[in-house]
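Q: dropping a prediction and its sequence here:
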Amino acid sequence: MDDFYRAFEDRHRGSRDVIKSRLRVYLPFVRPLVSASHDPVALDLGCGRGEWLELLSEHGFRARGVDLDAGMLAACRERGLDAIQADAITTLRSLDASSVAVVSAFHVVEHIPFEAARELIRESLRVLHPGGLLILETPNPENLVVGTSLFYQDPSHVNPIPPELLSFAVEHAGFPRVKTVRLQEDPLLLDEARPPGLFHVLSGVSPDYSVVAQKDAPPATLELFEAAFNTEHGLTLPSLSARYDDLANRREAVLRALLSEAEKRLAQSDAGLAQSIAQLDSRLCQAETSASRAEEHAAALYQQLNAVLHSRSWRMTAPLRYAGHQARRVRSAFRENRVKSGTLRRIRPALKAMAHAASNRPYLSKPLLALLARFPSFKRRLHDALKEPPKTIAPPAPLGLSPRSARLLGKLKRSIESKRL
């Protein structure tokens, strides 16, 4: 009684241009009727805003529409379309048999009880002329989102009708040729190469479908509709599910291959690691063996060194080694002109000690004298160094010197003495 349903359709069904573009899918079915009969009549049940009436009129049909909603009919009258407010089944019963080329009902059967839909189908078969078409479009509950949610957005909907049920009802009524056309799916999903996701399986099946049924006619007439009835439309739940399963299987195969390759590489890595560990163990054993041998050799050398150091010959030759060492130092000092009075003063006690040791050990004097004989110049210098410097008696300090003068005189004397040495 108000414009509620018209406003609802305007918001949720789509604009007139969108609906007209969707309805063009039926033109291949109805065009042969224009060429096969003169002034074909089309009856649209529940014509709504009149998009289908407008499209039929543009393609040579004398189109009439009926609807119960006054708000929807107002949209038809605004465009000068032939539409009246009436009940669909009552209108069909008022028509003569074989008087109509097309009977259509877009989104009508879901609004009425199923028995009323069966009555509509039977009356449509009666009023259609041979070769005439019945088109019944309705939401597709194969689409899980439509069947569980979107269908119930319209408060006037009664029950969703599965495609198999509506198709069977049409066949059971006596239509020999029946085609299920699935509609309004996402065009991108029609690409077989495009992998569907889980959401596509749930919502990507064609959200609407129609049953297009043809009344029996001579073969020549039926042949005009072969192309339209042999064309497949839309997406089914099994087809999308199969594509999704195929994608999942291919992904699983890829993952299995990657896992197998990873396991293979891991096994190779484990084998290489085990080999490296074995080589490291072998090298460690060799190193431990070498270290053990080195320790044994060092212990043997240490024992030999201790034996030498504690031997009698080592103790007996100690003075000779000491004298040789000191002789080499003195010789080097003479060659480099590093011998000063201080040096002689420092080495004189050592030389005296060696001379004393040689005198106390007669068995050392002979080899030591033989060694010195080989270096006559060194022997002479060594003899001079062993002589005691002549003792000098310091003259008495002059009387009457100041403390500072006495200190200067002492430094001068010490300098003279050092130069004498």
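A: Now that the structure is in, tell me what you want to look at. Residues are numbered from 1 along each chain as shown.
Q: okay, CA-based contacts and neighbour counts for the rest of this
A: OK.
Q: residue 374: neighbour count?
A: The burial count assigned to residue 374 is 10, neighbours taken as other CA atoms under 10 Å.
Q: could you pull up phi and psi at it?
A: phi -80, psi -20 (degrees, to the nearest 10).
Q: from residue 97, how far off is it?
A: 158 Å (CA to CA, to the nearest Å).
Q: next one: residue 235
A: For residue 235, the distance to residue 97 - CA to CA - is 36 Å.
Q: out of those two, which sits in the more crowded spot?
A: Between residue 235 and residue 97, counting by other CA under 10 Å, residue 235 is the more crowded of the two (23 against 15).
Q: ok, now which ones touch the more buried one?
A: 182, 185, 190, 204, 205, 206 (CA atoms under 8 Å, 6 or more residues apart in numbering).
Q: so among the residues you listed, which ones count as buried?
A: 182, 185, 204, 205, 206 (16 or more other CA atoms under 10 Å).
Q: which element, helix or strand, includes the closest residue to the last one other than its chain neighbours?
A: Nearest in space to residue 206, with sequence neighbours left out and distances taken as CA to CA, 6 or more residues apart in numbering, is residue 185 at 4.4 Å. Here residue 185 sits in a region with no helix or strand, counting by DSSP states H and E.
Q: which ones are touching residue 185?
A: 204, 205, 206, 207, 234, 235.
Q: and the gap between the fourth one and residue 141?
A: Okay, so that is residue 207. Taken as CA to CA, the span from residue 207 to residue 141 is 8 Å.
Q: cool, residue 158 as well?
A: 13 Å.
Q: just want to know which of these two has more residues nearby.
A: Taking other CA under 10 Å, residue 158 and residue 141 do not tie; residue 141 has more neighbours (23 against 15).
Q: what is the neighbour count of the closest residue to that one other than its chain neighbours?
A: Excluding the flanking residues, the one nearest residue 141 by CA to CA, 6+ apart is residue 147, at 4.0 Å. Here the count is done by other CA under 10 Å, and residue 147 has 19 residues near it.
Q: then residue 409?
A: Residues near residue 409, counting by other CA under 10 Å, number 15.
Q: surely residue 214 meets residue 173?
A: No - using CA atoms under 8 Å, residue 214 makes no contact with residue 173, being 11.6 Å away.
Q: who has more neighbours out of those two?
A: residue 214 (28 against 15).
Q: hang on, residue 132 is in a helix, isn't it?
A: No - counting by DSSP: H, G, I helix; E, B strand; the rest coil, residue 132 is not part of a helix but strand.
Q: look up phi and psi at the closest residue to it other than its chain neighbours.
A: Take residue 132 and drop its neighbours on the chain: the residue closest to it by CA to CA, 6+ apart is residue 101, 4.7 Å away. According to degrees, to the nearest 10, the main-chain angles of residue 101 amount to phi -90, psi -40.
Q: same check on residue 84?
A: Phi and psi for residue 84, reported as degrees, to the nearest 10, are phi -130, psi 160.
Q: any stretches of the stretch 1-150 of the chain with poor pLDDT?
A: Scanning the stretch 1-150 of the chain for pLDDT under 70 picks out 1-3, 5-6, 9-10, 12.
Q: one more: the stretch 301-421 of the chain?
A: 334, 337-365, 378, 382-400, 419-421.
Q: can you pull out the helices in it?
A: Ranges of helices within the stretch 301-421 of the chain are 312-316, 318-335, 341-360, 362-373, 376-386, 403-420, based on DSSP state H, counting those that start in this stretch.
Q: could you measure from residue 298 over to residue 292?
A: Relative to residue 292, residue 298 is positioned 10 Å away (CA to CA).
Q: wait, a strand at residue 39?
A: No - the assignment for residue 39, made by three-state DSSP, is coil rather than a strand.
Q: next, work out how far apart it and residue 101 are.
A: Separation of residue 39 from residue 101 (CA to CA): 9 Å.
Q: coming back round to it: any chance of the contacts of residue 235 in TSV, plus secondary structure, distance to residue 126 and pLDDT?
A: Below are the contacts of residue 235 laid out as TSV (DSSP: H, G, I helix; E, B strand; the rest coil; distance: CA to CA, whole Å; pLDDT from 0 to 100):
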residue	secondary structure	distance to residue 126	pLDDT
182	strand	26	96
185	coil	33	92
190	helix	37	86
204	coil	37	91
205	coil	33	94
206	coil	31	94
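Q: from those, which single one is nearest residue 261?
A: The nearest member of these to residue 261, counting by CA to CA, is residue 190 at 35.2 Å.
Q: domain-wise, how is the protein divided?
A: 4-235, 237-310, 314-395 (automatic domain parsing).
Q: could you dump these to CSV with distance to residue 409?
A: Listed next are these as CSV, based on distance: least, CA to CA, whole Å:
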stretch, distance to residue 409
domain 4-235, 118
domain 237-310, 54
domain 314-395, 11
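Q: residue 55 in helix, strand or coil?
A: Under three-state DSSP, residue 55 comes out as helix.
Q: ok now do it, which residues does it touch?
A: Counted by CA under 8 Å, 6+ apart, residue 55 has contacts 20, 24.
Q: how close does it sit to residue 79?
A: 12 Å.
Q: how about residue 406?
A: Using CA to CA, one obtains 148 Å as the distance from residue 406 to residue 79.
Q: ok, those two, which is more surrounded?
A: Higher neighbour count among residue 406 and residue 79: residue 406, with 15 against 11, using other CA under 10 Å.
Q: ok now stretch 64-83, how far from the chain's centre?
A: Here the centre of stretch 64-83 is set off from its chain's centre by 59 Å, with CA atoms, centre = their mean, to the nearest Å.
Q: between the two ends of it, how far is it?
A: The straight-line separation of the ends of stretch 64-83 (CA to CA) is 6 Å.
Q: so what's the residue count around the residue nearest to residue 132?
A: Count around residue 101 with other CA under 10 Å applied: 26.
Q: could you do residue 127 as well?
A: Count around residue 127 with other CA under 10 Å applied: 21.
Q: now do residue 223
A: A total of 11 residues lie near residue 223 under the criterion other CA under 10 Å.
Q: residue 257 versus that one, what's the distance?
A: From residue 223 to residue 257 the distance is 53 Å (CA to CA).
Q: just residue 289 next, same as before
A: 48 Å.
Q: for residue 27, same thing?
A: For residue 27, the distance to residue 257 - CA to CA - is 50 Å.
Q: please apply the same query to residue 61.
A: In terms of CA to CA, residue 61 sits 62 Å off from residue 257.
Q: more crowded one of the two?
A: Comparing residue 61 with residue 257 by other CA under 10 Å, the one with more neighbours is residue 61, at 23 against 12.
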